[in-house]
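*Asks:* I would like the atomic coordinates for the input below:
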Amino acid sequence: MIKASKISKAVNFALLSSSLAFSGTVIAANENQEEDKIERIEVTGSRISRTDLETAQPIVVISAEEMKEEGFSTAFDALQGLSQNTGTVQGNEFGSQGGFTPNADVIDLRGFGPGYTLVLLNGRRIAENPTPYNGQSNFVNLSSIPFAAIDRIEVVTAGASAIYGSDAVAGVVNIILKKDIDETTVTAMYGTTKDGGGDEKRFTITSGTTGSNYSVGGSLEYYKADPIYSRDRDFMDSVDDNPAGPEALSRGILILDPFSGQYRDPGEQACIDSGSGYEYASREGFGNYCGIDTTGDRTIRNERENITGYVFGTYDINDNLQLFADGMYTNLESAVYGSRHFYSEYLLMNTPDGSGNYGGTKDYVLHQRVFNFDEMGQRNTKFEEDVYNFTVGLKGDINSDYNWQVYYSESRYDYQSKRDWMKEEKVTEMFLGEIDNSFGLYNGQGKVGLFDVITPEIRDELIGTQVINADSYSRTFSADINGDLFELPAGMVGFAAIAEYNRQGYDLNQDDRTLNQDGMGWQGLTGTEGGGDRSRYAVGVEFLVPVIEGMDLGLAARYDKYDDDTTDVGGRVSPSVSLTYQPVDMVKLRANWGESFRAPDMHYVFAGNSGFYSSAYDWTSCRADSDDPNFVPSAANCDPTNYQGTRSGSKTLKEEKGTNWGAGVIVEPIENLSITLDYYDIKLKDLISDESAQTLLDLEYDCTYSLNGKDPNSAECLANSAKIVRVGAGQPGEGELETINVTPENKALYQQQGLDAAINYSLDTEFGDWAFQLGWTHILHTKYQANAESEVQELRDDKDNSEPRSKTNFVTTWNYQDWSAAVRVDRIGSVPIWEQPKENYDPETGDVIKVQRLKQYVTVNLSVGYQFNDDLSLLVTGANIFNERPETDLTHDSWPYYNSFAYPGAAIGATYRAEITYKF
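*Replies:* Numbers count the residues shown, from 1 in each chain. Okay, here's the model as predicted:
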């Protein structure tokens, strides 16, 4: 076994003293030989207790103290900083623009997506957020985990379905809560940001006691964070901040002639008389309108207020049997502040004087009005979420040879959101009028004119509150046993087995208006519903076999059986094989292979008929409108087109099937220095996803113009055409995009290969104890195949792939007498600019021949601590202390003016916190 450095010894001690993993059991071999006692622990990624933390599966451990010292205030912040967390996510910035899950905190290991990392609480599954991520799939919301209750987080950075079953494709995050507390600790934290907004407050109390045969304790946490608005940042509070150059004001009140593409000039007085406060503005090439600067309206970080209570207890019934239980309740209240209420509608107005643009007697125009806050209030969404987790069980040992446990665990997530919105029938009555033509267009003869003053009475009639109620649950009964089977010449054969039953379900209910199709809904708003339950049975076994001195072989397999009436998964066997070999004291080699799977996400299965609004590039229409004989379908030549998407769940979906393998080396060339390098390869096929609207439009373009070998009359092209609905012939807007159906199916393949490296070094000097840690992930390949007929694409350097190719963090800590300090440096590798310039495209094929990228993004966190006495301490931290922002992207000409998927929260800037801790 590799000689333990001070760092690894410290980790071992922390793990041992906090009763880790699933059963919380720390056992001792040769109990009767006190002088030869061998401490053994159980580590995430295996159910076999062992004496060495360096297993065949790479594991990252983050303690609660490390999270604080490195400038993090939540578990989500710490996990987001992992070098393996390279995937893009929808952050608060996207949520304020109308995202499906604007209050979600998720991670994305290896870029597979939030649902492909299994998140556990004390080794147990917890309820997923019942509202689907991006309107499609369920996920675990990390904002529901209280910071005060966390002891540490262990992360397996590769697939582990042979141990845990479904979802453990890209990795496993095991959040381990505090146990065996024998003192009372009170903390108070206050934080703020350099540029304003986002003040934070947190108060916690943790207490417990232990006796000869019992322990009991718990924690209480209150956390509040104020919102940060775009207007709080001087680089995103005005149209003048657009990196592509000052842009025109938003079109507050507008009349557009679709035939000419020109605005109808309202005159300055009309803007004044509207009472909107908007100014008379113009856009070059289009004309005049009433304009407003909405840049600073939205929040870039949500408002939050959380209260959490956590309790635990153990009771030793006798020397070989213990009763244990724990429970946690979290109430989350939060708010997202978006932009303004508006309506935008094509009208066919009556013009008996013959002045209309459609046959003289009709005028085909677009009317748009964006209402100011005084008129209609701000679009905002408020959330109230209640999360419950409870576990009770028994654990013990059999003749000190085998450790066992049985437990029942229940987790529940209740969710409600409310947001103000305009009623569809009232918008029709007030502004749109009636349909008196064969084209199905309103005549614009509503009660309120486009430029009329909006009174409080009009507002009260127009505005209502949309309510979404949802809940989910997960119930698990589990029994496991582990110990030594027999002895071989090289050592004891370790063994573990598990039997498990789980039932999970969710319900997502929109109010009556949201899905109404009879004109009594919410204006321009749709949503997604769904609900269902399914059961799963599982058995698993694991062996750790010492082959020769210094070489251990790990074998594991798990069988999961799902309800036959919910999906086509049926039964699934997941095997794994691992090997560690230590040829010399300072070197250990490791390798692992396994199969993984993911059962169809609940919302992919049980979603009802639902819709959404989005935009994509409609190459077919763009070419039809173009005068360029050498038209190239590219973002440089076309603008995105809005469309309504439709989808529903499917009970014919099969599981997604994956394989993962890795190989690595651990070297400790000198005392207190450890170097690890690991290669990983994670592959998932039969990937379930909604059809990509852009992919459908790309194929439609090829089919329409017989490009890339496509035949317009082929089954592929005809099936694709049936999913796209356009405005019919002879109607205004003929050929324009209306709806696209994107119902999910098993079809895609995703694979990522890369390298992980870590260096840990500690040094004791007369001027203090130093520790240095480096984490590095480098992506070698990211491959994607849309379906079996498509080519495998290399996405690593693709123009649309915002996942950085590398991610690095470096931490230095120092402790001397009563002082401590830490510096953390994070580096996010380059990502493509938002839109590639026209010269980067091949003029003949339209393919990108060069991808321009942004520079690396580097931030620095700093903390300084002082221990006044044994009971009182102070910690001051700064996150992103140099207030760095990503490189300015001159092509990112829409709010928030940077890639918030690659750099979520980057606009927050420097944040400062002070926390005082008192123990008694």
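*Asks:* Please tell me how far the spatially most central residue of the chain sits from residue 138.
*Replies:* Taking Cα atoms, centre = their mean as the criterion, residue 106 is the residue nearest the geometric centre of the chain, at 3.0 Å. Distance check for residue 106 against residue 138: by Cβ to Cβ, to the nearest Å, it reads 11 Å. For the C-beta atoms, the positions are set from N, CA and C on the backbone; glycine is no exception.
*Asks:* for residue 233, same thing?
*Replies:* 33 Å.
*Asks:* Compare the two (neighbour count), which wins?
*Replies:* Taking other Cβ atoms under 10 Å, residue 233 and residue 138 do not tie; residue 138 has more neighbours (25 against 22).
*Asks:* How about the secondary structure of the more buried one?
*Replies:* strand (DSSP: H, G, I helix; E, B strand; the rest coil).
*Asks:* For the nearest residue to it once chain neighbours are set aside, which residues are in contact?
*Replies:* Closest residue to residue 138 apart from its sequence neighbours, by Cβ to Cβ, 6 or more residues apart in numbering: residue 128 at 4.1 Å. Going by Cβ atoms under 8 Å, 6 or more residues apart in numbering, residue 128 touches 138, 139, 140, 413, 472, 474, 504, 506, 602.
*Asks:* bridging residues for the second one?
*Replies:* With DSSP bridges applied, residue 139 shows beta-bridge pairing to residue 129.
*Asks:* Contacts only, for the residue nearest to the centre of the chain.
*Replies:* Listed by Cβ under 8 Å, 6+ apart, the contact set of residue 106 reads 89, 114, 133, 139, 140, 141, 142.
*Asks:* Could you check how far it is from residue 173?
*Replies:* Using Cβ to Cβ, one gets 11 Å for the distance from residue 106 to residue 173.
*Asks:* which residue packs closest to residue 736, ignoring adjacent ones?
*Replies:* Nearest non-adjacent residue to residue 736 (Cβ to Cβ, 6+ apart): residue 727, at 4.7 Å.
*Asks:* how many neighbours does the one you found have?
*Replies:* For residue 727, using other Cβ under 10 Å, the count is 14.
*Asks:* From residue 735, how far off is it?
*Replies:* For residue 727, the distance to residue 735 - Cβ to Cβ - is 6 Å.
*Asks:* so where do the strands sit in the stretch 151-300 of the chain?
*Replies:* 171-177, 184-193, 200-210, 214-225, 228-229, 250-257, 262-263, 279-283, 287-292, 299-301 (DSSP state E, counting those that start in this stretch).
*Asks:* who touches residue 519 in this structure?
*Replies:* 424, 425, 428.
*Asks:* Could you do residue 506 as well?
*Replies:* Applying Cβ under 8 Å, 6+ apart to residue 506 gives the contacts 128, 130, 138, 470-473, 530-532, 602-603, 606.
*Asks:* where's the dip in pLDDT among these?
*Replies:* pLDDT across those is lowest for residue 138, at 76.
*Asks:* Please report how far that residue lies from residue 561.
*Replies:* Remark: distance between residue 138 and residue 561 (Cβ to Cβ) = 21 Å.
*Asks:* max-length strand in the chain?
*Replies:* Counting residues, the longest strand found in the chain (DSSP state E) is strand 463-488.
*Asks:* Output the contacting helices and strands for that strand.
*Replies:* Contacts defined by 3 or more Cβ pairs under 8 Å, 6 or more residues apart in numbering; DSSP states H and E place strand 463-488 against strand 124-125, strand 129-133, strand 402-422, strand 491-510, strand 530-548.
*Asks:* Give me the angle between the third one and strand 463-488.
*Replies:* In other words, strand 402-422. 170 degrees (axes from the mean of the first three to the mean of the last three Cα atoms, to 10 degrees).
*Asks:* same deal with the last one?
*Replies:* Taking the same axes, to 10 degrees, one finds strand 530-548 and strand 463-488 inclined to each other by 20 degrees.
*Asks:* quick one, strand 530-548 and strand 491-510 angle?
*Replies:* 170 degrees.
*Asks:* Mind listing what's buried along the helix or strand just after strand 530-548?
*Replies:* Note on strand 530-548: by DSSP states H and E, the next helix or strand toward the C-terminus is strand 551-562. When neighbours are counted by 16 or more other Cβ atoms under 10 Å, the buried residues of strand 551-562 are found to be 552, 553, 554, 556, 557, 558, 560, 562.
*Asks:* With stretch 636-656 instead?
*Replies:* By neighbour count on 16+ other Cβ under 10 Å, the buried set for stretch 636-656 is 637-638, 641, 643, 645-650, 653-656.
*Asks:* Render the CA-only coordinates of it in PDB, please.
*Replies:* Provided in PDB are the C-alpha atoms of stretch 636-656 (Å, rounded to 0.1, in the frame of the first residue of the first chain):
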ATOM      1  CA  ALA A 636     -24.400  35.200 -40.900                       C
ATOM      2  CA  ASN A 637     -27.100  35.200 -43.500                       C
ATOM      3  CA  CYS A 638     -30.300  34.400 -41.500                       C
ATOM      4  CA  ASP A 639     -32.000  35.500 -38.300                       C
ATOM      5  CA  PRO A 640     -33.500  33.100 -35.900                       C
ATOM      6  CA  THR A 641     -37.300  32.400 -36.400                       C
ATOM      7  CA  ASN A 642     -39.700  32.000 -33.500                       C
ATOM      8  CA  TYR A 643     -41.900  28.900 -33.400                       C
ATOM      9  CA  GLN A 644     -44.100  26.900 -31.100                       C
ATOM     10  CA  GLY A 645     -42.900  23.500 -30.200                       C
ATOM     11  CA  THR A 646     -45.100  20.600 -29.200                       C
ATOM     12  CA  ARG A 647     -44.200  17.300 -27.400                       C
ATOM     13  CA  SER A 648     -45.600  14.500 -25.200                       C
ATOM     14  CA  GLY A 649     -44.200  11.500 -23.300                       C
ATOM     15  CA  SER A 650     -43.700   8.000 -24.600                       C
ATOM     16  CA  LYS A 651     -44.100   4.600 -22.800                       C
ATOM     17  CA  THR A 652     -42.200   2.800 -25.500                       C
ATOM     18  CA  LEU A 653     -38.900   4.200 -24.600                       C
ATOM     19  CA  LYS A 654     -36.000   1.900 -23.700                       C
ATOM     20  CA  GLU A 655     -33.100   2.500 -21.300                       C
ATOM     21  CA  GLU A 656     -30.100   4.400 -22.400                       C
END
